[in-house]
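K.L.:
Here is my input; please provide its structure:
(one chain, ligands or ions: 2)
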Amino acid sequence: MTNPLMPDVSAPASATLEVVPLGGLGEFGMNMMALTWEDTTILVDAGVMFPDPDQLGVDLIIPDMTYVEARRDQVKALILTHGHEDHIGGVPHVMPLFDGPVYGTAFTLALVEPKLEEHEIDPGDRLKRVQPRETVTIGPFTVEFIRVTHSMPDCVALAITTPAGLVIHTGDFKIDQTPIDGQHFDLHRLAELGAQGVLALFADSTNVDRPGFTGPETDVIDGFEEVFTSTHGKLVVATFSSSIYRMQILVDLAAQFERKVAFVGRSIEKNAEIAQRLGFLRVPSGMQIRDSEIQNYAAQDVLCITTGSQGEPQAALPRISIDDHRHVKLSEDDAVVLSARAIPGNEKAIARTMSHITRRGADIITPSMKRVHVSGHGSAEELKLVISLVRPRFFVPVHGEYRQLAQHARIAKRVMAGAEPRLQVLLAEDGDIIQFDRNGARIADKAPTGRVLIDVTRVGEVGEEVLRDRRHLAADGIVIAMVAISRHTGALVGEPEIVARGFVVDAGEADALFKDAALVVIDCIGTASLEERTDQGLMTEKLRVELRRFFKKRTSGRRPLVLPVLMEI
Ligand SMILES: [Zn+2]
Ligand SMILES: [Zn+2]
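P.N.:
Ligands and ions are numbered 1, 2, ... in the order given. Next comes the predicted model:
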């Protein structure tokens, strides 16, 4: 094996390992990285980012793929660390760009599969299931998978042997010493590799600002036990649909407190099904009920596990909070738990959802009131432990905003103080081309980077999803509906104004079409409930769905990007 501290002198002078973070550095989400040695490139993760509420009409954001497209023929594999959206959400957009395999653990790949189906991508035999401690060889690279603990099952770090030396990428992790599924962080392997010599460590920086240790997933059990004990009505817990460990804790408590469990919401239902099929979630037989059966049971006998903890207008909890869910209604004695952190930018939507819930007399419990949420990312002491086990020559903080990356760099220098040779930190951002060769490492150049906005059209309840990107935007154009409503009554003020760009219709038809679109807006607002009308997030989503349906029907299937702009007066 090449000793990273003594660069391989047999390598030609030009031999360089090039590592390019394409997303996730200097921002949260859409994690993706490319490693290149001569004419072989491998990709690590392909994530998405979720837009701010004010990025109207955008459902997902993926990294700019120019760098990958330019290397089409030399990209040999995509390697996934775990199944969170910010690591796999972009897979359907990346797989068509190259021919090779996609490696991931069983659960990760099981979460990728339905995404490919939605995008009508047949993976053939390209999805390659791997296990921790397994290695795969891709040209000059050998990739070993190392188990880590995080907020979902089956997560791995990567140890990538390259001709320039060993590179370790942590993926997302915390050090959970009492994992729900008994699958421990493979700290032993990390230490072994550290003893052998590691060229570079790329490490998760998300929680670098938090001192101490994050705490295990089991930390929420006591808090939830109190909630189960004190709730006399229905219990509704909103969490992320990938939080399988959280679901297991809730299912176990429900068994203890003799409540039936219903998974409410498409994504959470689907993930619970996948997790049960693969043995990552165990629900005692007879305990799980469908959401349509909830009304057959007394409120105190039901636990609903649902999505919408961020107040997302299309998710279940915000619909439930305004009595707009077919099977779940809230009343006094019920309790709603927000078992997730508020992602910055979503505070307003969450606050509105909480108000709706409170108006129905239900209790709300948030992580600031009881320990009903614990992060999946390691705090400062856990990050330090990993650095001191790995003892890299070069350190590259990833997964975080610039200030967190910089803080992680400071911590790494402190941990490695006195090391010989001295630790060198490469504080990179998206697109920076990091080169490792016999002379050391440096940020050499900049690759094209940026964001691609994706608009996923939702049609009705079936949720038929249609991929839209900039090409579609160019072809089908954009329709903006400007709507003024009263802040208090939610009533329409004046006429809605419909503006279109790049949306070609016969001049003769345009007038009638836009007039009818305005009628759709008027009707949509007129039939909405007061609470819905005065909730900008919910109303915008409703208008978007209705207008899309209208334009699709009236223009023989064209799908312009529809942006309702709601102004409260
Ligand atoms: Zn994650
Ligand atoms: Zn992540």
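K.L.:
can you count the residues close to the closest residue to ligand 2 within the stretch 251-400 of the chain?
P.N.:
Ranking the residues of the stretch 251-400 of the chain by distance to ligand 2 (C-beta to the ion) places residue 399 first, at 5.8 Å. All C-beta spots, glycine's among them, are computed from the backbone N, C-alpha and C. When neighbours are counted by other C-beta atoms under 10 Å, residue 399 registers 30.
K.L.:
list the contacts for it?
P.N.:
By C-beta atoms under 8 Å, 6 or more residues apart in numbering, the contact list for residue 399 reads 24-25, 28, 31, 172, 204-206.
K.L.:
can you redo these as JSON lines with neighbour count, secondary structure and pLDDT?
P.N.:
Output for the contacts of residue 399, formatted as JSON lines (neighbours: other C-beta atoms under 10 Å; DSSP: H, G, I helix; E, B strand; the rest coil; pLDDT from 0 to 100):
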{"residue": "24", "neighbour count": "24", "secondary structure": "coil", "pLDDT": "91"}
{"residue": "25", "neighbour count": "26", "secondary structure": "strand", "pLDDT": "91"}
{"residue": "28", "neighbour count": "18", "secondary structure": "coil", "pLDDT": "79"}
{"residue": "31", "neighbour count": "31", "secondary structure": "coil", "pLDDT": "96"}
{"residue": "172", "neighbour count": "25", "secondary structure": "coil", "pLDDT": "98"}
{"residue": "204", "neighbour count": "30", "secondary structure": "strand", "pLDDT": "97"}
{"residue": "205", "neighbour count": "29", "secondary structure": "coil", "pLDDT": "97"}
{"residue": "206", "neighbour count": "23", "secondary structure": "coil", "pLDDT": "95"}
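K.L.:
tell me which of those is nearest to ligand 1?
P.N.:
Nearest to ligand 1 among the contacts of residue 399, with distances taken as C-beta to the ion, is residue 172, at 3.4 Å.
K.L.:
That closest one and residue 206 touch, don't they?
P.N.:
Yes - here residue 172 lies in contact with residue 206, judged by C-beta atoms under 8 Å, at a distance of 7.2 Å.
K.L.:
list residues touching both of these two?
P.N.:
Taking C-beta under 8 Å, 6+ apart as the criterion, residue 172 and residue 206 both touch 377, 399.
K.L.:
ok, which pair from the contacts of residue 399 is furthest apart?
P.N.:
Farthest-apart pair in the contacts of residue 399 is 25 and 172; separation 14.0 Å (C-beta to C-beta).
K.L.:
how close does residue 499 get to residue 217?
P.N.:
Residue 499 sits 49 Å away from residue 217, going by C-beta to C-beta, to the nearest Å.
K.L.:
Please disregard the earlier target; I meant residue 255.
P.N.:
17 Å.
K.L.:
Looking at strand pairing, list the partners for the residue nearest to the residue of the stretch 251-400 of the chain closest to ligand 2 when sequence neighbours are not counted.
P.N.:
Distance criterion C-beta to C-beta, 6 or more residues apart in numbering; nearest residue to residue 399, sequence neighbours excluded, is residue 204 at 4.6 Å. When assigned by DSSP bridges, residue 204 has beta-bridge partners residue 398.
K.L.:
shouldn't residue 204 be in contact with residue 173?
P.N.:
Yes - Residue 204 is within contact range of residue 173, at 5.9 Å (criterion: C-beta under 8 Å).
K.L.:
State the helix or strand in which residue 357 lies.
P.N.:
For residue 357, the host element (DSSP states H and E) is helix 347-359.
K.L.:
what does the next helix or strand after that helix contact?
P.N.:
Going down the chain from helix 347-359, the next helix or strand is strand 363-365, by DSSP H and E. The list of residues contacting strand 363-365 from outside it, by C-beta under 8 Å, 6+ apart, reads 227, 231, 334-338, 354, 357-358, 372.
K.L.:
Neighbour-wise, give me the winner out of these.
P.N.:
Within the contacts of strand 363-365, residue 336 tops the neighbour count with 29 neighbours, counted by other C-beta under 10 Å.
K.L.:
Then that residue would be within a helix, right?
P.N.:
No - according to DSSP: H, G, I helix; E, B strand; the rest coil, the state of residue 336 is strand, so it is not within a helix.
K.L.:
shouldn't it be in contact with residue 360?
P.N.:
No - here residue 336 does not reach residue 360: they are 9.2 Å apart, not a contact under C-beta under 8 Å.
K.L.:
Just the buried residues of stretch 396-409, please?
P.N.:
If you call a residue buried by 16 or more other C-beta atoms under 10 Å, then stretch 396-409 has these buried ones: 396-400, 404-409.
K.L.:
do it and ligand 1 meet?
P.N.:
No - Stretch 396-409 stays clear of ligand 1 (C-beta under 5 Å from the ion), getting no nearer than 8.6 Å.
K.L.:
Can you get me the start-to-end distance on that stretch?
P.N.:
End-to-end distance of stretch 396-409: 8 Å, with C-alpha to C-alpha, to the nearest Å as the criterion.
K.L.:
Could you give the separation of that stretch from the chain centroid?
P.N.:
19 Å (C-alpha atoms, centre = their mean, to the nearest Å).
K.L.:
What average pLDDT does that stretch get?
P.N.:
Mean pLDDT, computed over stretch 396-409, is 96.
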